[in-house]
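> The following comprises the amino acid sequence and a computationally predicted model.
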Amino acid sequence: APDALTRYRLVAVAVSGPTASGSAESSVNIARPLMILPSLGQFANAGDRLTARAVVRNETGTNGRVEVVLTSPLGEEKMSLDVPSGESRAADFPLTFAEPGSIDLEWTATLKAEARTFADRVKTVLPVRSPMLQLRETYFSQLDEKTNDLLAGVNPQLTEGRGEVAVTVANTRLASLGSQARFLAEYPYGCAEQTASALVPWLVLPVLGPLLPDFARDPDEVRRVTTETVAELFKFQTPDGGLAFWPGGSVSSPFASAWAAIVMSRAFAQGVNPTPAWSRLLEDLAKSLRGLSPKESTPRLAERVFAAYALALAGRPEVAYHEELYRRRDELPAEARCVLALAIMQAQGSREMVATLLREDKSAPPDVSPYGGAARDRAIRLMAWVNHQPKNNEVARLLAEVLAFGPQNRDGTTQSSAWTLLALADYYTKIELPNASNRTAQGAIVNNDGPTPFAVDTRTPAFRQTFPLSPPPPAATLQVDNPAAVPLYGETRFAVYPPLGEQPPQDRGFNVSRSYRKIAADGSLQPAEGLRVGDRIVVTLRVETTRPAFFVAIDDPLPSILEAVNPDFVSRESGEGGASTPWEVSHREMRADRVVYFCDTLPAGAFTFSYLARVRMAGEAAAGATKAEAMYRPERFGLGTITRLTSQAADLP
């Protein structure tokens, strides 16, 4: 039976033939003699001082004194409670969380009554996060010297914080691929485009696996994740066969549909079985070409090019539309011309048409796609040239430009990272792998704890090791010893939480602020003061922008003492007003530790977003800064400030 105080209704039904039936029901009560039930939030932040509460229930039939013990890495706390039979009492323990990680809490309740001893024990794991924004920076370097200092020129904040540093040593210039794969795998949001992009690292593993030592996966896992992600993508499908941009949408997105089809075509080519929904998606893409207008705008025409490439990859090339789009090439941005060239090559079309499309001496209209950017543009160009003329000097030039857009460059998006992986997979397969020599090197990565030996060769071109950063003392030593001074390439990736402190607001295109107000008993809104567990809070976010933006994510972290209220469960009778969802919101996610709004378009002006929350725990807690970010233009963002709230425990009835 479950470990709970619960009454279950049991129903039995008997049926014989078309008309004879009967039923009976009964019930069973689950009741342990002594129970301890922790009442915690879902997470904590470093620096929080919380009251960890557990409720002790006595059903032994005997009044008694219960000894309650809370054991954690912070120590052991004890208290005694007089708990009459049939009643409950609360045990409250103060806890202070010093650093991010996770903490195991073990609760024990013991009651001795006459000759018997009753006991119950429960273990809970509480994630501990940081209210500070995590610093993620990656540095690339050539390691041709006998001793190479990896900390030279590094942001000092990275060695003062707490986290980890991952060092990759490789004998190829493609050592940066791991960062692109991790970025896509760890991306926190999930529209159709981002879900499809997150599948790309798994699809390139058969080719790039040796270059991704920290992303190595078993083939069975690769197939499982690929199959599950394809199924997830079809949950975005609308009645017309295309894919909506956000879950639950009823209108398909031309670009998201085309991009998902491009990615899924590669999955099906690797053995994943397509479903009938796949044919409906391809039919919708083909229909979009049929609707090609003589006065089509440049962005819409470019979307048709992506649809044509998707159909060519799927084995259903629309050659007539390749020719029509080629005829209108002067209306296409340079990037779209390269995608059209890829479609023509996939359909084994005219090489003369491809060569004309790849010429850069012809002027082209600017690319105004909200998904585009310089990094994606260079990756698509590289991919087209690698497949057209792999020995052309243009390949080397474009490769250098693609590698220059590392993760430390603010141009990184899911689109640029996904296209970079696809382009470099083609480059590695067609150029670098066939010409690989026995590039063997041995050396050591040295930090404060000593050397970690490594060896790289043709079969294992990359070696990776992760080291903790836990000041004090700071990471004074981090270097690569290369005794033979052979050509080596390095990637040093930091993921660090800075020391606890204030978060200054930043306006890089968005001005962001946040406020908390308590809903009083009469329904009025009052300052968030004197909070008690159970109080209702209205959280209001304000975002200001002086110019329009596309695909904006507004991410608001919760303090650990609050829990967001799902608006789908709020009835009119509850009187819980104050939450609002303006028309600009395209999608909303209520998570355990944050609330996220997504706006496909955000005009110039000031906008407010509000949601309901309840006080879940007692204590003093910090909420991380609210962040607004243009997902496909991440250099445009805004940060609010850290907010601290205090609440008191409610009396147990």
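Perfect, thanks for sending it.

> ok, now which ones touch Ala549?
For Ala549, the contact set (CB atoms under 8 Å, 6 or more residues apart in numbering) comprises 509-510, 599, 601-602, 630, 633, 636. Backbone N, C-alpha and C define where each C-beta goes, glycine included.

> again with Pro527
Contact analysis of Pro527 by CB under 8 Å, 6+ apart lists 517-518.

> Next: Pro483.
146, 442-443.

> Out of these, name the ones that lie in strands.
442-443 (DSSP state E).

> Let me know the pLDDT of the closest residue to Gly248 other than its chain neighbours.
Spatial nearest neighbour of Gly248, excluding adjacent residues (CB to CB, 6 or more residues apart in numbering): His587 at 7.9 Å. We note a pLDDT of 93 for His587 in this prediction.

> count of residues packed around His587?
Applying other CB atoms under 10 Å, we find 19 residues neighbouring His587.

> So Glu360 belongs to a strand, correct?
No. Using DSSP: H, G, I helix; E, B strand; the rest coil, the assignment for Glu360 is coil, not a strand.

> how close does it sit to Arg337?
The gap separating Glu360 from Arg337 is 10 Å, by CB to CB, to the nearest Å.

> again with Arg517
If you measure Arg517 against Arg337 using CB to CB, the figure is 54 Å.

> Also Leu208?
In terms of CB to CB, Leu208 sits 27 Å off from Arg337.

> which secondary structure elements does the helix or strand harbouring Ala341 contact?
Using DSSP states H and E, Ala341 maps to helix 334-346. The contact analysis (3 or more CB pairs under 8 Å, 6 or more residues apart in numbering; DSSP states H and E) places helix 334-346 against helix 298-313, helix 319-327, helix 351-358, helix 374-388.

> I'd guessed Pro213 sits against Gly178; true?
Yes. Using CB atoms under 8 Å, Pro213 makes contact with Gly178 at a distance of 7.3 Å.

> okay, and the common contacts of these two?
168, 462, 464.

> top of these by neighbour count?
Thr168 (27 neighbours).

> rewinding a little: now do the buried residues in the helix holding Ala341.
For helix 334-346, a neighbour-count test (16 or more other CB atoms under 10 Å) marks 334-346 as buried.

> closest to Phe494 among those?
Glu335 (31.9 Å; CB to CB).

> Setting the sequence-adjacent residues aside, check what's closest to that closest one.
Distance criterion CB to CB, 6+ apart; nearest residue to Glu335, sequence neighbours excluded, is Asp377 at 4.6 Å.

> Same check on Leu525?
Using CB to CB, 6+ apart, the nearest residue to Leu525 is Arg517, at 4.3 Å.

> Following the chain onward from whichever helix or strand the one you found is part of, which element is next?
If you go by DSSP H and E, Arg517 is part of strand 511-519. Next helix or strand after strand 511-519 toward the C-terminus (DSSP H and E): strand 525-527.

> after that following strand, next one along is what?
Using DSSP H and E, the next helix or strand after strand 525-527 towards the C-terminus is strand 531-532.

> coming back round to it: partners of the residue nearest to Gly248 in the sheet?
His587 forms beta bridges with Phe598, as assigned by DSSP bridges.

> tell me the angle of the helix holding Ala341 relative to helix 374-388?
With axes from the mean of the first three to the mean of the last three CA atoms, to 10 degrees as the basis, helix 334-346 and helix 374-388 are set at 30 degrees to each other.

> What's the mean pLDDT across helix 334-346?
Rounded mean pLDDT across helix 334-346 is 97.

> That one versus helix 319-327: what angle between them?
Angle between the axes of helix 334-346 and helix 319-327 is 150 degrees (criterion: the same axes, to 10 degrees).

> rewinding a little: pretty sure the residue nearest to Gly248 sits against Trp246.
Yes. Counting by CB under 8 Å, Trp246 is a contact partner of His587 at 3.8 Å.

> joint contacts of the two?
What both His587 and Trp246 touch, as defined by CB under 8 Å, 6+ apart, is the set 191, 598.

> Which secondary structure element is home to the most centrally placed residue in the chain?
In the chain, the centroid-proximal residue (CA atoms, centre = their mean) is Pro188; its distance is 1.8 Å. Taking DSSP H and E as the definition, Pro188 sits outside all helices and strands.

> what residues are up against it?
Neighbour list for Pro188: Asp555 [criterion: CB under 8 Å, 6+ apart].

> Against Ala90, how distant is it?
36 Å.

> do Pro461 as well
59 Å.

> More neighbours: which of the two?
Pro461 (23 against 16).

> Can you list the neighbours in contact with stretch 512-521?
If you take CB under 8 Å, 6+ apart as the criterion, stretch 512-521 is touched by 505, 525-529, 531, 535-544, 554, 556, 576-578, 623, 625-628, 638-641, 643, 645.

> Would you mind listing which of these are buried?
528, 531, 535-544, 554, 556, 576, 578, 623, 625-628, 638-641, 643, 645.
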